[in-house]
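>>> What shape does this take:
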Amino acid sequence: MSSLPFWLVVAHVLVQAGFITRALLRPHRGPSSRLAWVLVILSAPVVGIIAYLLFGETNIGTDREERYRETAGKADSIFDPAPEADFEHVTERRRHIFRTGESISGLAPVNGNRALLLGEGTAPVDALIADIDAATDHVHLLFYIWLGDTTGTRVAEAAMRAAQRGVTVRAMADDLGSRRIIRSPLWQAMKDAGVQLARALPLDNPLLHTLKGRVDLRNHRKIVVIDNRITYCGSQNCADPEFLVKEKYAPWVDLMVRFEGPIARQNQWLFAQDWMAHVDEDLHPLLSGDAASADGTVVAQVNGSGPTVRDSAMPEMFETLLHAARNDLTLTTPYYVPTESMQSALCAAGHRGVRTRMVVPAQNDSWVVAAASRSYYPELLSAGVRIFEHAPGLLHAKSLTLDGEIAMIGSANLDRRSFELNYENNILLQDHGLTADLMARQESYIAQSTEITAADVAAWTMPRRVWNNTIAMMGPIL
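Residues are numbered from 1 along each chain as shown. Have a look, this model is predicted:
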């Protein structure tokens, strides 16, 4: 077997060195991520370079990035920078949390909202359809996953009814997560009925797409805005709990909150960014004027993150909350692959005596995330953090409650994909009543869970521990 020509070996080494240099010089990347990519490129020379081309850089394409930044840059003209007076309705010792949120999207906390934690099962979609049927001006829908199942069809039919009676309906779905319905007769029927449609981050040709942007950057948001006064936020996609595309993990256990009041206009702003980045239509007129008040008690603030927002935005938000806990901290998430500082912040809460609990699925739809998540268990348990694995179905709810007063819900998972790659939307809120309702829901999850103890982890075999830690080591590039 003849050896490779010398010039080819030299060329490969130069290309490899070039990609290593690029990985080291790429801005907004932590040392662990740089190290992980250097190791991948060195240990798998050809495959590693291809992997870096496909997944190594956060890039949605120059044109679309410019559109996002242009729209985001107009936030100050729509939502005036908040003076200190705007924070008077936030408990003084909690204002720094909302200041962190303001630094992400430029949005101040707004008072006067009403909110309702919706029931499980079909309750959220029933409420949504009732609101769509009552809409008088516009309906805006954005989902990462929209299926053509019973739920997806019911929402599509409600959207068509609204459009046919003269309501402006705009619907957007992620081109990868919702690829089945986008390429189905139901999507065409919505278009024919007058619903304005858009594909988020379209993937017409995945191979050619790599030349202008990374293929796995997705819009993971779940946003509904109706008549600029009602909005929904939570973890639920437009799909049945049975989630037929992954039915072996069903039912999907989700959490959704219906808000009414000025917070709707903040979610409207996020929807407008996504829409205007893909459609040549100006939605700024919908953002002007006074926000509707619902005379409620909930203080709320929208936080939107994504590839065109600073990559530390969502981790900073979560870490600020973790460090603010004084008595009680409960998190639910389907995917836990934290940054080093977030893991430290969660452990610090346990060390200082805060009742700290985390609820995750017992069976995860991602074996990679399941292994990586469990690698963090020993350190969490030694810090006093209690870990519960929820058994019935896949716990998909993303929630955090803090000291019975502060909560955050939305689309973001506690993993690096949500922090650095996906477009996400969360709502941070202050309200004793709603937080109590969210805590009660979290307690129901815990009641259906098995607590993982230090003895359980100590009983893991050596191959299992090696596997978990090896997968977690690749967390910065996963």
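
>>> Next up, the contacts around residue 181.
Neighbouring residues of residue 181 by Cβ atoms under 8 Å, 6 or more residues apart in numbering: 146, 147, 148, 152, 156, 173, 187. Yep, even glycine has a C-beta here, placed from its N, CA and C like the rest.

>>> On the three-state scheme, it is what?
Assigned with DSSP: H, G, I helix; E, B strand; the rest coil, residue 181 falls in the helix class.

>>> And the pLDDT at it?
Confidence at residue 181, expressed as pLDDT, is 97.

>>> since we're on the closest residue to it other than its chain neighbours, how many residues are nearby?
Among residues not flanking residue 181 along the chain, residue 148 sits closest, at 4.7 Å (Cβ to Cβ, 6 or more residues apart in numbering). For residue 148, the count of nearby residues is 19 (other Cβ atoms under 10 Å).

>>> ok, now which ones touch residue 148?
By Cβ under 8 Å, 6+ apart, residue 148 lies in contact with 156, 180, 181, 184, 186.

>>> In these, find the pair that's most separated.
Greatest spatial distance among those (Cβ to Cβ): 156 and 180, at 12.8 Å.

>>> Which residue of those two possesses the greater neighbour count?
The residue with more neighbours, out of residue 156 and residue 180, is residue 156; 23 against 16, by other Cβ under 10 Å.

>>> hang on, isn't that one packed against residue 186?
Yes - at 5.5 Å, residue 156 and residue 186 qualify as touching, with contact defined as Cβ atoms under 8 Å.

>>> Quick check: the residue nearest to the spatial centre of the chain vs residue 331, distance?
Among the residues of the chain, the one closest to the centroid is residue 412, at 2.5 Å (Cα atoms, centre = their mean). Distance from residue 412 to residue 331, counting by Cβ to Cβ, to the nearest Å: 12 Å.

>>> how far away is residue 24 from residue 47?
Distance, residue 24 to residue 47, using Cβ to Cβ: 19 Å.

>>> no wait, residue 169
Taking Cβ to Cβ, one finds residue 169 at 45 Å from residue 47.

>>> In terms of packing, which of those two has more residues around it?
Legend: neighbour count by other Cβ under 10 Å for residue 169 and residue 47, higher for residue 169 (23 against 11).

>>> give me phi/psi at the more buried one?
With angles defined as degrees, to the nearest 10, residue 169 sits at phi -120, psi 120.

>>> For it, list each beta-bridge partner.
Beta-bridge partners for residue 169, by DSSP bridges, are residue 139.

>>> and it, what does it touch?
So residue 169 contacts 138, 139, 140, 141, 159, 160, 162, 163, 194, 195, 196 (Cβ under 8 Å, 6+ apart).

>>> And the chain, split by domain according to the record?
Per the record, the chain has its domains at 9-55, 62-87+110-295, 313-477, by automatic domain parsing.

>>> Quick check: mean pLDDT of the last one?
Meaning domain 313-477. 95.

>>> Report the distance from it to the chain centre.
Counting by Cα atoms, centre = their mean, to the nearest Å, domain 313-477 is centred 14 Å from the centre of its parent chain.

>>> Same question for the longest one.
From the chain centre to the centre of domain 62-87+110-295 is a distance of 13 Å (Cα atoms, centre = their mean).

>>> Against residue 165, how distant is residue 136?
Distance, residue 136 to residue 165, by Cβ to Cβ: 9 Å.

>>> Residues touching stretch 88-97, excluding its own?
The contact list for stretch 88-97 (Cβ under 8 Å, 6+ apart) reads 87, 98, 109, 111, 299, 320, 321, 324, 405, 406, 428, 430.

>>> So which of the residues you listed sit within helices?
98, 320, 321, 324 (DSSP state H).

>>> To what extent is the residue lying closest to the second one once chain neighbours are set aside buried, counted in neighbours?
In space, residue 320 comes closest to residue 100 once its chain neighbours are excluded; the distance is 4.5 Å by Cβ to Cβ, 6+ apart. The tally of other residues near residue 100 (other Cβ under 10 Å) stands at 20.

>>> Checking residue 100 next. Helix, strand or coil?
On the three-state scheme (three-state DSSP), residue 100 is labelled helix.

>>> show me what contacts it?
316, 317, 320.

>>> wait, isn't residue 332 in contact with residue 446?
No - with contact defined as Cβ under 8 Å, residue 332 does not reach residue 446; the gap is 9.1 Å.

>>> so what sits against both of those two?
residue 359.

>>> packing partners for the lengthiest helix in the chain?
Among the segments of the chain that qualify as a helix by DSSP H, the longest is helix 6-25. On a contact count with 3 or more Cβ pairs under 8 Å, 6 or more residues apart in numbering; DSSP states H and E, helix 6-25 meets helix 31-43, helix 45-55.

>>> List the buried residues in the first one.
Neighbour counts using 16 or more other Cβ atoms under 10 Å place 33, 34, 36, 37, 38, 40, 41 of helix 31-43 among the buried residues.

>>> swap in the last one?
Residues of helix 45-55 classed as buried under the neighbour-count rule (16+ other Cβ under 10 Å) are 48, 49, 52, 55.
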